[in-house]
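# following is a predicted model, sequence given first.
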Amino acid sequence: MWQWFHHPGFSLPVVRRRLGEELLDLLLMTGELLTTQCRSYMWSRSFPSTLAYDGARRRLSKAGLVAYRRGAGKDPVLRLTAEGERVTDDIFHPERWWQRRWSGAWYLMVYDIPESQRKYRDVLRQFLRRLRMGNLQGSVWITPRDIRPEYDDLVKAAGIESYAYLFEAQTVLGLPVEQVVRSAWPMDLLEQCQQWYGENAQRNWDALRLKKMPQRSLWFFAREANRAFRAAMALDPLLPKALWPDGYRGPEVIAWHRRLLGELSRQLE
C-alpha cells in the first residue's frame, strides 16, 4: 500500500497522531462543558490543548531526546539521554531495516542554527546521528527513511521549524545512489571495521570450536565479543538492501556475531 499511496505532503503516522489528538481534545472539551454546564468557557484556559505538545515530548523522550519549549523569547531546549541509546539500538535486529522496501525518496533536513545556540545545534546533530542519518554536507542531513513523524515531533516540542526545513527528493543532483550513500556515510571506514571484525571472528570461532579457551575465560570473551560487535556496527546506517554499496559486510557481521553467541551459550550451559 505504501508504494502507491505515498504522497510527499501526507504522512500517515503524522495524520493518525493529529486525528487522535484532535479527537481526544474534543472529548475532553465536551466532557468539561457537560460537567460544568458550559461554564468552562468563562474560565481562563489554553486552547488548543497541550496534547500534541505532550505527545511529541513523550515520543522524543523514548528516543532519548529531552525537548521542550520555554517562555516567549527564550530558546527551546534539547538534551540527549543515555536511555535512548538502548531504545534506538537496532544493530542486534538489523533485518527489519535491511528488508524494508525503499520508496525511492530521500529525506533531507537542512538547518541554519545561530552560533548563540550552539548547544541546541550540537544536540540536534547527535540526535540525527542516532537516527542514523547521513551528513551529506555541512548542515545537510539525509536518510532514505521517512522521518516526517520525528520532524513533526521536533516542530511541536522543540521549535525546529524556526531553524530547519525538511525536503523530500527523488534524486540528489542526479548522482547515482551509491555515490550519495558514500558521500553521506563513512562507508570506507565502516567496511574496514567490519572486515576487521570478520577476520577476528573467524579466529575466535576456531578457538571456541577447538575448546582452546578455559571455562573461566568464556564470560570475559562474551563481553569482549559484544563490544567488538558494537564497534563494527556503530557507523552502520542500516540502509535498505537496495541501497547497499559494493563491499558492504553488515550481514556477515551479524551472522558471525550470532554464531559466536550461539557457541558460547552451548559451552556455558
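Alright, I've got the coordinates. Numbering: from 1, shown residues only.
# so residue 131 sits against residue 150, correct?
Yes - between residue 131 and residue 150 there is a contact under Cβ atoms under 8 Å: 6.6 Å. C-beta: built from backbone N, CA, C; applies to glycine.
# of the two, which one has the most company?
Between residue 131 and residue 150, counting by other Cβ atoms under 10 Å, residue 150 is the more crowded of the two (26 against 16).
# which ones are touching that one?
If you count contacts by Cβ atoms under 8 Å, 6 or more residues apart in numbering, residue 150 has them with 60, 63, 131.
# now the first one: which helix or strand?
In this structure, residue 60 sits in helix 51-62 according to DSSP states H and E.
# show me what that helix is packed up against.
For helix 51-62, the packing partners by 3 or more Cβ pairs under 8 Å, 6 or more residues apart in numbering; DSSP states H and E come out as helix 12-36, strand 65-68, helix 148-158.
# excluding residues flanking it in the chain, which one is nearest residue 232?
For residue 232, ignoring the flanking residues on the chain, the nearest one in space by Cβ to Cβ, 6 or more residues apart in numbering is residue 197 at 3.7 Å.
# assign that neighbour to helix, strand or coil.
helix (DSSP: H, G, I helix; E, B strand; the rest coil).
# pretty sure residue 227 is one of the things it touches, is it not?
No - counting by Cβ under 8 Å, residue 227 is not a contact partner of residue 197; they are 10.9 Å apart.
# of the two, who's got more company?
Taking residue 197 and residue 227 together and counting by other Cβ under 10 Å, residue 197 has the greater number of neighbours (21 against 10).
# how close does that one get to residue 182?
In this structure, residue 197 and residue 182 are 20 Å apart, going by Cβ to Cβ, to the nearest Å.
# got the contact list for the closest residue to residue 154 other than its chain neighbours?
Distances taken as Cβ to Cβ, 6+ apart put residue 160 closest to residue 154, at 3.9 Å, once the chain neighbours are dropped. Contacts for residue 160 (Cβ under 8 Å, 6+ apart) come out as 111, 124, 151, 154.
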